[in-house]
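Colleague: Predicted model follows, preceded by the sequence.
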Amino acid sequence: MPKLVTVQMLQKMTPKQRMTIYEHARETNSSEADDIIEKLFQHKLLDSAGGGLTRDSGIVQRVEKICRSSDGVRAAEAAADRGEAPMAGVDQILQREVREYGHFDTTSWAGSFVAQEMEARGWIRSGRKSLPENCVARTAAFFVRKKAA
């Protein structure tokens, strides 16, 4: 039977060791692996492992795919129509679909992708807004519809 990995054991590891155990756990389909990943996320033990991910990371690419998808854009525009930052709509989808969302600077990547999509659709950036408490991201760009000429 595998040895139980405790939070204390994870805290004593170097950032590189924690990233290695995280990558191994991601490739393993077991409740023990899920428990390790949960502990790493819950105690923010990966956040100190070197910051964010690069653009070519598979995780960032999944975030981008969702932000640029028709469902993501629809959710973003619906949130903006309600007077919220568009990210408020997409954040909920990302929480369901990307296990790593909220870590490795993924909220910043998501905010950038959502902002690009809103601008591409003619929305005008109008500062920043706090997001609802049920969002992982805390603040995001706010947009208003472009006024008809």
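Modeller: Happy to help now that I have it. Keep in mind that what you see is a predicted model, and the values were worked out from it rather than measured. Residues are numbered from 1 along each chain as shown.
Colleague: Contacts only, for residue 44.
Modeller: Applying C-beta atoms under 8 Å, 6 or more residues apart in numbering, we find residue 44 in contact with residue 103. Any C-beta I mention is one placed from the backbone N, CA and C, and that applies to glycine too.
Colleague: The helix or strand of the chain with the lowest mean pLDDT: what's the following helix or strand?
Modeller: Least confident helix or strand of the chain, by mean pLDDT, DSSP states H and E, is helix 15-27 with a mean of 84. The first helix or strand that comes after helix 15-27 along the chain, using DSSP states H and E, is helix 31-42.
Colleague: how far out from the middle of the chain is the least confident helix or strand of the chain?
Modeller: 19 Å (C-alpha atoms, centre = their mean, to the nearest Å).
Colleague: counting contacts, what elements does that helix pack onto?
Modeller: If contacts are counted by 3 or more C-beta pairs under 8 Å, 6 or more residues apart in numbering; DSSP states H and E, helix 15-27 sits against helix 31-42.
Colleague: and the nearest residue to residue 98 once chain neighbours are set aside, how many neighbours?
Modeller: Closest residue to residue 98 apart from its sequence neighbours, by C-beta to C-beta, 6 or more residues apart in numbering: residue 62 at 5.3 Å. Applying other C-beta atoms under 10 Å, we find 17 other residues in the vicinity of residue 62.
Colleague: Looks like residue 62 contacts residue 97 (just checking).
Modeller: Yes. At 7.3 Å, residue 62 counts as touching residue 97 under the criterion of C-beta atoms under 8 Å.
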